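J.: Okay, predicted coordinates and the sequence, questions at the end:
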Amino acid sequence: MLAGFALLPATPARAQTDELTAYARARAAEADGASDVAAAGYAFALTKAPGDAVVALRAYRAAIAVGNFALADRAEQVLAKSVDAPLDTALVRFTLALKAGDRVTAAAALGRLKGGPLDFLRPILGAWLAFDSGGDPLGLLGGGKDSALARRYNLETRVLLLIALRRSDEAMPDLMAMLRGGATEDLRINAALMLAQTGERDKAKSLLDGDRMAGLRRLLGKGPKPGAAVGTARLFLSLAADLSQEDAPSTIAILLTRTALLLDPADDRARLYLAEALSKSGMDRLALDTLAQVRRDSPFARGAATGRIAALRRAGRLPEAIALAKTQAEGRGSTTADAQGYGDLLAADNQFGAAAAAYAASMALPGPGDWTIPYRRGIALDRAGRWDEALPLLRRAVELAPREAEALNTLGTAMVEHGVNLEEAMLLLERASRLKPDDAAITDSLAWALYRRGDIAGALPLLERAAADDPGGSLVNEHLGDAYWRLGRRYEARYAWRAAAIYADAGAATRIAGKLANGLTAAN
């Protein structure tokens, strides 16, 4: 029973039942991705059990997801009294205080970060507070003893602070060095926007040069003035961008983008990252609603369309995703990435011939071309039954990327399956294995090439190693079972095939069932 409800002995039974029912319904709605319904349910439960930390935590997460900062404020005040309060509640308290102009509370919230994993944010956010109050912000930033992560964000913040302080001549060398060193486009945009706000439009335009940045140049001179609010929003957005590289759901990414939007509601970049984080967390409707808020004339409208395609795919709405991707790939201003994304969706839907055509179209569109385009087109053609067309493309991918284990492995494996030049296939697979010796799929491919050449005894130790590295792998376990059977180890063969059957797709499951019933025959 929830702690808060246990403290309500005088509450009428019907009221207690309503409260528990609201909480249960909120939990169910949350599990179903209906965050707005969940937030309303938790808000009701928190009203009836205002000191319950369990309810408060649920209410807090749901409130952040939907952007209900009034509820988040209530829930955070409960959680702040608990020794187990999530560390990110301090960021929410800091943001709410900053939004309200309460720098004393904002500074106190930063103190709650001390010693934790978010401690590296304290000097950066403190520096922006100092900027607002007319102090020395640069002196508060960390030094050389900080972690690599802290040094990177300290350096980015120093550049933006120098621009805000109208000392851009000091900022530009470090900024250009970071951009040449692979810094994100977000840093380029943040610096350009801040330069324009401080009256240096020429420098701002130089950062956004070229057709690709034309839409962004329309933003110059717009948006909030430099200060703690915009500095915090940009910092949180940069953190969210880093987290977006991971496929796993991230509550902190949702929080960072929601708070960034609270401080700068006009920033559509934050909407793109927020929608992605919501989508990865299973909040499909909320993600799509967020993307719908990006105006058609926004410089980030194309990014919103791309985000919508990805969100629809994650939501299992593949036909809708394909239709939208087709429109984007064939529309005005389409790029290589658009056509490649369309091809990826068609391939995911087993439309391999159409996917190959989309990849072919991508080669004629503007955008960076690399080995992945002939690689993906070659795979699609092979799966469409057009091996003669696929082979030169897969070879081309290897020529363009001779140290890409994935390209080497795919070409070598395909040649083995088609019985084409097994000696060359072995060399390709051996090269792939040297590049990635711990990759179970590559080890399996190399072993299978030995098997197909008749060296089953040589293949077996490799197959056993691959199965140990990937015990749930369906294909590797099937191959291992085949090798055991050929060596007369029938019991072990069936054990391996049973393991292969657990995660096998429909086609493989039928094939493996036949092996379990009849052993290896000419038919399988």
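T.: Happy to help now that I have it.
J.: Chain neighbours aside, what residue packs nearest to Glu76?
T.: Leaving out its chain neighbours, the residue that sits closest to Glu76 by CB to CB, 6 or more residues apart in numbering is Thr89, at 4.9 Å. All C-beta spots, glycine's among them, are computed from the backbone N, C-alpha and C.
J.: is it true that the one you found touches Val78?
T.: No. With contacts defined as CB atoms under 8 Å, Thr89 does not count as touching Val78, sitting 9.8 Å away.
J.: Quickly list what's touching both of these two.
T.: When CB atoms under 8 Å, 6 or more residues apart in numbering defines a contact, no residue borders Thr89 and Val78 alike.
J.: Next one: Val230 from Arg396, what distance?
T.: Distance of Val230 to Arg396, computed by CB to CB, to the nearest Å: 47 Å.
J.: who has more neighbours, the two?
T.: Val230 (23 against 18; other CB atoms under 10 Å).
J.: so the more buried one makes contact with Gly223?
T.: Yes. Counting by CB under 8 Å, Val230 touches Gly223, with 7.4 Å between them.
J.: intersection of neighbour lists for those two?
T.: With CB under 8 Å, 6+ apart as the test, Val230 and Gly223 both reach Asp264.
J.: measure Ser250 to Asp169 for me?
T.: On the measure of CB to CB, Ser250 and Asp169 end up 38 Å apart.
J.: Neighbour count: those two, which is higher?
T.: Ser250 (18 against 10).
J.: Low-confidence stretches in the stretch 251-400 of the chain?
T.: 366-369 (pLDDT under 70).
J.: Which residue ranges of it form helices?
T.: 251-263, 268-280, 284-292, 301-314, 318-330, 336-348, 352-362, 372-383, 387-400 (DSSP state H, counting those that start in this stretch).
J.: Put together a markdown table for those, with distance to Ala45 on each row.
T.: Putting the helices of the stretch 251-400 of the chain into a markdown table (distance: least, CB to CB, whole Å) gives the following:
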| stretch | distance to Ala45 |
| --- | --- |
| helix 251-263 | 20 |
| helix 268-280 | 23 |
| helix 284-292 | 20 |
| helix 301-314 | 29 |
| helix 318-330 | 35 |
| helix 336-348 | 40 |
| helix 352-362 | 48 |
| helix 372-383 | 49 |
| helix 387-400 | 56 |
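J.: quick one, which of those is nearest to Leu422?
T.: In terms of CB to CB, the element of the helices of the stretch 251-400 of the chain nearest to Leu422 is helix 387-400, at 14.4 Å.
J.: What residues sit buried inside that closest one?
T.: For helix 387-400, burial by neighbour count (16 or more other CB atoms under 10 Å) applies to Trp387, Ala390, Leu391, Leu393, Leu394, Arg395, Arg396, Ala397, Val398, Leu400.
J.: Who's the closest spatial neighbour of the last one, skipping the chain neighbours?
T.: To tie it back to what came earlier, the one meant is Leu400. Trp371 is the one closest to Leu400 (CB to CB, 6+ apart), at 3.8 Å.
J.: With Thr410 as the reference, measure out to the one you found.
T.: 11 Å.
J.: These two - which one has more neighbours?
T.: Thr410 (22 against 17).
J.: State the helix or strand in which the more buried one lies.
T.: Per DSSP states H and E: Thr410 is located in helix 405-417.
J.: what's the average pLDDT for that helix?
T.: Averaging pLDDT along helix 405-417 gives 96.
J.: and that helix with helix 387-400, angle?
T.: Angle of helix 405-417 versus helix 387-400, following axes from the mean of the first three to the mean of the last three CA atoms, to 10 degrees, is 150 degrees.
J.: Please renumber the chain so that the first residue is 9 from this point on.
T.: Fine by me, first position is 9 from now on; the one you just mentioned is helix 413-425.
J.: Helix 413-425 to helix 380-391, inter-axis angle?
T.: Going by the same axes, to 10 degrees, helix 413-425 makes 20 degrees with helix 380-391.
J.: Can you tell me what sits against helix 413-425?
T.: So helix 413-425 is in contact with 379, 383, 386-387, 390, 395, 398-399, 402-403, 405-406, 409-410, 429-430, 432-437, 439-441, 443-444, 447, 449-450, 453-454, 456-457, 460, going by CB under 8 Å, 6+ apart.
J.: Output the below-cut-off pLDDT ranges for the stretch 59-208 of the chain.
T.: For the stretch 59-208 of the chain, the ranges with pLDDT under 70 are 151-153.
J.: tell me the helices in it, going along the chain?
T.: 61-74, 77-87, 97-108, 111-119, 129-141, 156-172, 176-188, 193-205.
J.: What helices and strands are in contact with the third one?
T.: Helices and strands in packing contact with helix 97-108 are listed as helix 61-74, helix 77-87, helix 111-119, helix 236-251, helix 259-271; criterion 3 or more CB pairs under 8 Å, 6 or more residues apart in numbering; DSSP states H and E.
J.: So which bits of that helix are buried?
T.: In helix 97-108, counting by 16+ other CB under 10 Å, buried: Thr97, Ala98, Leu99, Val100, Arg101, Phe102, Thr103, Leu104, Ala105, Leu106.
J.: same check, this time on stretch 201-215
T.: In stretch 201-215, counting by 16+ other CB under 10 Å, buried: Leu201, Met202, Leu203, Ala204, Gln205, Thr206, Glu208, Lys211, Ala212, Leu215.
J.: isn't the third one right up against Lys211?
T.: Yes. Here Leu203 reaches Lys211: they are 4.9 Å apart, a contact under CB under 8 Å.
J.: Mind listing the shared neighbours of these two?
T.: Ser176.
J.: picking that back up, intersection of neighbour lists for Trp379 and Thr418?
T.: In contact with both Trp379 and Thr418: Ala405, using CB under 8 Å, 6+ apart.
J.: Show me the domain layout of this structure.
T.: 9-94, 325-409 (automatic domain parsing).
J.: so how far is Ile72 from the spatially closest residue to Leu104 that is not a sequence neighbour?
T.: Distances taken as CB to CB, 6+ apart place Asp81 nearest to Leu104, at 5.9 Å, with adjacent residues excluded. Applying CB to CB, the value for Asp81 to Ile72 is 11 Å.
J.: Can you report phi and psi for Asp92?
T.: Here is the backbone geometry of Asp92 (degrees, to the nearest 10): phi -100, psi 20.
J.: you'd agree it is up against Val86?
T.: No. The criterion here is CB under 8 Å, and Asp92 misses it with Val86 at 11.9 Å.
J.: Now for the two: what residues contact both?
T.: Common neighbours of Asp92 and Val86 (CB under 8 Å, 6+ apart) are Ala61.
J.: neighbour count winner among the two?
T.: Neighbour totals were compared for Asp92 and Val86, and Val86 leads with 23 against 7 (other CB under 10 Å).
J.: roughly how far apart are the more buried one and Ala48?
T.: 18 Å.
J.: now Gly466
T.: From Gly466 to Ala48 the distance is 64 Å (CB to CB).
J.: Compare those two and say which is more crowded by neighbours.
T.: Higher neighbour count among Gly466 and Ala48: Ala48, with 20 against 13, using other CB under 10 Å.
J.: how about the closest residue to Asn358 other than its chain neighbours, what does it touch?
T.: The shortest distance from Asn358 to any non-neighbouring residue, by CB to CB, 6+ apart, is to Arg391 (8.0 Å). Going by CB under 8 Å, 6+ apart, Arg391 touches Ala355, Asn358, Phe360.
J.: Now these in CSV, please, with extra columns for neighbour count.
T.: As requested, the contacts of Arg391 are exported to CSV (neighbours: other CB atoms under 10 Å):
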residue, neighbour count
Ala355, 21
Asn358, 10
Phe360, 19
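J.: can you redo these as JSON lines with distance to Asp154?
T.: What follows is those, written out as JSON lines (distance: CB to CB, whole Å):
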{"residue": "Ala355", "distance to Asp154": "44"}
{"residue": "Asn358", "distance to Asp154": "50"}
{"residue": "Phe360", "distance to Asp154": "50"}
